[in-house]
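K.L.:
give me a 3D structure for the following:
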Amino acid sequence: MSPQIDAVILAGGMARRMGGNDKGLVELNDQPMIKHAIDRIKPQVKQILINANRNQDRYAEFGYPVLSDEDSGYLGPLAGMITALGQTQADYLMVVPCDCPLLPTDLVPRMLAAIETQGAEMAVASDGKREQPVVLLMKPALRESMKAFLDAGERKIDFWYAKHHCVVCDFSDQPNAFVNVNTPEQKQQLSEAIAH
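P.N.:
Prediction:
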């Protein structure tokens with residue numbers, strides 16, 4: 001029987017480089033940024049969770065559970081992951097950011113195959129040049145380790161997963177899959193790319 005996989009879309013950040021605008025709700029080609037991520041990931045998982053620390057009512061309109069960080073204070077993506085890992089009943093949790101509108105449509109099956117082939121605890125995606133630390137597939141049992149890491153004052157996800165059996169899943173065949181939107185200029189460039 002194939003394992004059950006849920007996804008959490010991380011929309012809990014401060015988005016300082018977007019002028020403080022809530023990044024997941026910024027419009028890209030007439031749709032909120034997070035809607036692009038939902039459309040890409042929805043066919044690949046059983047349930048979607050949304051991690052958001054403001055505008056929760058707006059996010060709830062997409063029809064999925066909205067989770068706020070257990071630890072208040074905008075502690076970064078780890079806090080959102082820990083919250084979601086504590087909520088899911090699935091065998092694996094797929095973590096993706098809200099500002100990657102070109103996520104691979106085969107992201108989850110390829111990440112799962114990488115884990116199963118290597119007998120790993122988790123997989124991190126790579127665009128062929130660099131790892132994408134907020135695109136992770138992992139087992140919920142890793143929550144305690146992640147929480148201890150955060151509680152120790154650590155924030156860098158790649159330092160955390162380096163402590164575990166983590167396999168890198170190569171998506172160099174889709175080099176733009178993880179292009180994200182951090183500035184208004186990047187938004188314009190991506191808008192044009194999606195339109196063509």
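
K.L.:
ok, the residue nearest to Arg40 when sequence neighbours are not counted - contacts?
P.N.:
Leaving aside its sequence neighbours, Arg40 sits nearest to Leu103 (C-beta to C-beta, 6 or more residues apart in numbering; 4.1 Å). Where you see a C-beta, it was placed from the backbone N, CA and C, and this is true even at glycine. Shown in contact with Leu103 (C-beta atoms under 8 Å, 6 or more residues apart in numbering): Ala37, Arg40, Ile41, Val96, Val135, Ala177, Phe178.

K.L.:
now with 7 Å?
P.N.:
Going by C-beta atoms under 7 Å, 6 or more residues apart in numbering, Leu103 touches Ala37, Arg40, Ile41, Val96, Ala177.

K.L.:
correct me, but the second one touches Cys100?
P.N.:
No. Using C-beta atoms under 7 Å, Arg40 is not in contact with Cys100, being 8.2 Å away.

K.L.:
okay, these two: which has more neighbours?
P.N.:
The neighbour count for Arg40 versus Cys100, taken as other C-beta atoms under 10 Å, is higher for Cys100 (27 against 20).

K.L.:
just the pLDDT at that one, thanks.
P.N.:
Cys100 is assigned a predicted lDDT (pLDDT) of 91.

K.L.:
what segments of this protein are strands?
P.N.:
Taking DSSP state E, the strands of the chain run over residues 5-11, 27-28, 31-32, 47-52, 66-67, 92-97, 122-126, 131-138, 166-170.

K.L.:
which outside residues touch the longest one?
P.N.:
Looking back up the chat, that one is strand 131-138. Residues outside strand 131-138 that contact it (C-beta under 7 Å, 6+ apart) are 10, 77, 92-97, 108, 111-112, 115, 121-126, 157-158, 168, 178.

K.L.:
buried members of those residues into ChimeraX, please.
P.N.:
Command for ChimeraX that selects the buried part of the contacts of strand 131-138, burial taken from 16 or more other C-beta atoms under 10 Å:
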select :10,77,92,93,94,95,96,97,108,111,112,115,121,122,123,124,125,126,157,178
